[in-house]
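Colleague: Test case, fold it:
(2 chains)
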Amino acid sequence: MKSPLEFRDPERARRLLDALAHLTQDRERDPISVMHVCGSHEQAVARFGLRAALPPGLDLIMGPGCPVCVTDCPEIDEAVALARAGLRVATYGDMLRVPGSGPSLADVAAEGARVDVVYSVTQAAELARRCDEEIVFFASGFETTAVATAALLEGGPPENLSVLSAHKYIPPAMEIVVEMPGSRVQGFLAAGHAATITGWGVFEPFVARQRRPVVVAGFEPLDILAALVALVGLVRAGTPRVVNAFRRCVTREGNRNAQATLWRVFELVGGRWRGIARVPNGNLRLRPAFAAHDARRRHARLLAARAPLPAAPLLRECRCGEIMAGLATPSDCRLFGRECVPAEPVGACMVSNEGTCRIWHQYGGHPRLAVSASCSTRAQRGAGGCSESARR
Amino acid sequence: MCLGVPGRVVEIDGLVATVDFFGVCRTVSLQIVDEPVAPGDYVLNHVGFAIRRIPPEEIGETLALYERLIELAAQDDPLLADLHSEIEAAGRPPGRSDEESA
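Modeller: Residues are numbered from 1 along each chain as shown, chains lettered A, B, ... in the order given. Predicted coordinates:
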């Protein structure tokens, strides 16, 4: 059979880019703006140099696609409070350095709190099985990742494992972003991994309500480019509908087995997404049947007793929210690359490997390769100062 | 954390599979994968869980579809609309209607 690496073929990629250029050649002054909602898409776009190769008539914006970045400060504060109270907290590596209203988990670990980095919720469960004390799994991630947490909780977790859920559900957030004043989003690239679980049918109500097309895209360079060709075609034609351009993984109905697991364990509840807004039905909360493993219920008194933390002064200048809503780019932010750098992040977008600011800082945002060769060399070395992004 | 990584199944022990990720072997859970998996299959994995068996025939078919996108994008927009219907039709599992696959 053909290898998945076929989807990196440079010759096909060039032809797809030519097709995109052809479709947008009359839009240089008024670019077609589309949004993706997945950190893995931005990673691939940056890593394979696609942003620099996209035609000037197309603006590809990264939306609220990084679950770490949209984890709200009070949620981080809860994990920090539990760690400071002496509980052992396990979480994905991305969550470690995200500042809450006050310190991050990494900060309190430096003070002596016990924080473990895990790659999977199963590792948190293994950790719990090897010890007698409680392990709090601070769970972040969209529906794709929440399914893993749900599967573990359904499959008989150790009694001393609890879950502090910061899981989010992406479809309602797409509506919030479209309805924001000043929103330029004309269509969405939907995340192929989330759609592998939910199926592409989940976007049909959104398209009917918002009259904007959605194309489900995979993560290899050809997947992204082909999906962009389809999406630009739909925007131009003015025919909003859902197209599945990641058919080797996504079906209309999705992974029903995984969906059933997800909804048996979690329920939807409204909640704030950091920097963006309160998103109705945007958060995933453990159902009462799993109360015994719900860290919020187990430690309700401890969490209620913590003093509210005032927001750090620099945080007030942070523009992560506007960046995730597609209303600003990292280079519009005064802190980007100055006070806010990967080693000392101010906003969550600079922390996670999937955050827009972190990715732009690492890869140079929108290097104008055709304009300046020296600029592209610096961008490849990771200089954030080269991110001359704003085409707007 | 959000990465989905394709890998090839080497062996299976109950609901746990050993998967080769381009040279690195890791165990993944088969608890939530969408259909039965056998050694040699490609699966899409996320945080230690297989979430999709990748049907081998879909890889070649996807590439063929991209070829067609390139051809049509070079022509006029109205033809793209035809392509979109084609992609939509192709989005369903081969040989099954949506109702049957419940």
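
Colleague: Would you mark the buried spots in the top strand by length along chain B?
Modeller: Using DSSP state E, we find that the single longest strand of chain B is strand B:5-13. Of the residues in strand B:5-13, those scored as buried under the neighbour-count criterion (16 or more other Cβ atoms under 10 Å in any protein chain shown) are B:Val5, B:Pro6, B:Gly7, B:Arg8, B:Val9, B:Ile12. Every residue, glycine included, has its C-beta placed from N, CA and C.

Colleague: Next: stretch A:293-309.
Modeller: Judged by neighbour count using 16+ other Cβ under 10 Å, the buried positions of stretch A:293-309 are A:His293, A:Asp294, A:Ala295, A:Arg296, A:Arg298, A:His299, A:Leu303, A:Leu309.

Colleague: so which of the residues you listed comes closest to chain B?
Modeller: Within the buried residues of stretch A:293-309, the smallest distance to chain B is 16.7 Å, found for A:His293 (Cβ to the nearest Cβ).

Colleague: For the closest one, give me its contacts.
Modeller: With contacts defined as Cβ atoms under 8 Å, 6 or more residues apart in numbering or on different chains, A:His293 is in contact with A:Leu153, A:Pro157, A:Leu161, A:Ser162, A:Val163, A:Leu286.

Colleague: again, only this time at 7 Å
Modeller: The neighbours of A:His293, taking Cβ atoms under 7 Å, 6 or more residues apart in numbering or on different chains as the test, are A:Leu153, A:Pro157, A:Leu161, A:Ser162, A:Val163.

Colleague: Take those and lay them out in a markdown table including secondary structure and distance to chain B.
Modeller: Conversion of the contacts of A:His293 to a markdown table gives the following (DSSP: H, G, I helix; E, B strand; the rest coil; distance: Cβ to the nearest Cβ, whole Å):
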| residue | secondary structure | distance to chain B |
| --- | --- | --- |
| A:Leu153 | helix | 11 |
| A:Pro157 | coil | 12 |
| A:Leu161 | strand | 15 |
| A:Ser162 | strand | 18 |
| A:Val163 | strand | 14 |
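
Colleague: For chain A, give me the ranges with low pLDDT.
Modeller: Confidence mapping of chain A against pLDDT under 70 gives the ranges A:1-5, A:365-392.

Colleague: which residue packs closest to the residue in it sticking out farthest from the centre, ignoring adjacent ones?
Modeller: If you look at how far each residue of chain A sits from its centre, by Cα atoms, centre = their mean, the farthest one is A:Asp132, at 34.1 Å. Spatial nearest neighbour of A:Asp132, chain neighbours left out: A:Asn160 (6.8 Å); criterion: Cβ to Cβ, 6 or more residues apart in numbering or on different chains.

Colleague: Quickly find the element holding A:Ala226.
Modeller: Taking DSSP states H and E as the criterion, the element that holds A:Ala226 is helix A:221-237.

Colleague: And that helix, what's buried?
Modeller: A:221-236.

Colleague: Which two of the contacts of A:His293 have the greatest separation?
Modeller: Every pair in the contacts of A:His293 was compared (Cβ to Cβ); the two farthest apart turn out to be A:Leu153 and A:Ser162, at 10.1 Å.

Colleague: Point out where chain B drops to low pLDDT.
Modeller: Within chain B, the segments meeting pLDDT under 70 span B:1-2, B:74-102.

Colleague: Longest helix of it, counting residues only.
Modeller: In chain B, with assignment by DSSP state H, the single longest helix is helix B:56-73.

Colleague: which bits of the stretch 1-150 of chain A sit near chain B?
Modeller: Along the stretch 1-150 of chain A, the residues adjacent to chain B under the rule Cβ under 7 Å from any Cβ of the partner chain are A:1-2, A:4, A:6, A:12, A:15-16, A:19, A:22-23, A:38-40, A:67, A:92, A:94, A:119-122, A:141, A:144-145, A:147-148.

Colleague: from memory A:Ala195 sits against A:Ala217, does it?
Modeller: No - at 8.9 Å, A:Ala195 does not count as touching A:Ala217 under the criterion of Cβ atoms under 7 Å.

Colleague: Can you check which residues contact both of those two?
Modeller: Shared contacts of A:Ala195 and A:Ala217, defined by Cβ under 7 Å, 6+ apart, comprise A:Phe246.

Colleague: Next, B:Pro39: secondary structure please.
Modeller: Per DSSP: H, G, I helix; E, B strand; the rest coil, the secondary structure class of B:Pro39 is coil.

Colleague: dump the residue contacts of it.
Modeller: Residues in contact with B:Pro39, defined by Cβ under 7 Å, 6+ apart, are B:Val9, B:Val10, B:Glu11, B:Ile12.

Colleague: Now for the residues you listed: which two are most distant?
Modeller: B:Val10 and B:Ile12 (8.6 Å).

Colleague: Skipping adjacent residues, who's closest to residue 46 in space?
Modeller: This is for chain A. The spatial neighbour of A:Ala46 that comes closest, neighbours along the chain excluded (Cβ to Cβ, 6+ apart), is A:Tyr363 at 4.0 Å.

Colleague: Can you look at chain B instead?
Modeller: By the measure of Cβ to Cβ, 6+ apart, the closest residue to B:His46 outside its immediate chain neighbours is B:Gly4, 4.9 Å from it.

Colleague: What is the neighbour count of the one you found?
Modeller: Burial measure for B:Gly4: 21 neighbouring residues, criterion other Cβ atoms under 10 Å in any protein chain shown.

Colleague: Does it touch B:Gly48 like I think?
Modeller: No - taking contact to mean Cβ under 7 Å, the distance of 11.8 Å between B:Gly4 and B:Gly48 leaves them out of contact.

Colleague: after the helix or strand hosting A:Val108 comes which helix or strand?
Modeller: Taking DSSP H and E as the definition, A:Val108 sits inside helix A:105-110. On the C-terminal side of helix A:105-110, the nearest following helix or strand under DSSP H and E is strand A:115-118.

Colleague: next helix or strand past that next one?
Modeller: Secondary structure here is assigned by DSSP H and E; on that basis, the next helix or strand after strand A:115-118 toward the C-terminus is helix A:121-129.

Colleague: on contacts alone, who are the packing partners of that next one?
Modeller: Packed against helix A:121-129 by the contact rule (3 or more Cβ pairs under 7 Å, 6 or more residues apart in numbering or on different chains; DSSP states H and E) you find strand A:135-141, helix A:143-154, strand A:161-167.

Colleague: Including mean neighbour count, could these go into JSON lines?
Modeller: Formatted as JSON lines, the entries for these read as follows, by neighbours: other Cβ atoms under 10 Å in any protein chain shown:
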{"stretch": "strand A:135-141", "mean neighbour count": "27"}
{"stretch": "helix A:143-154", "mean neighbour count": "27"}
{"stretch": "strand A:161-167", "mean neighbour count": "24"}
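
Colleague: can you pull the contacts of the residue lying closest to A:Arg184 once chain neighbours are set aside?
Modeller: Spatially, and ignoring its direct neighbours in sequence, A:Arg184 is nearest to A:Ser33 (4.3 Å; Cβ to Cβ, 6+ apart). With contacts defined as Cβ under 7 Å, 6+ apart, the neighbours of A:Ser33 are A:Asp59, A:Ile61, A:Arg184, A:Val185, A:Gln186.
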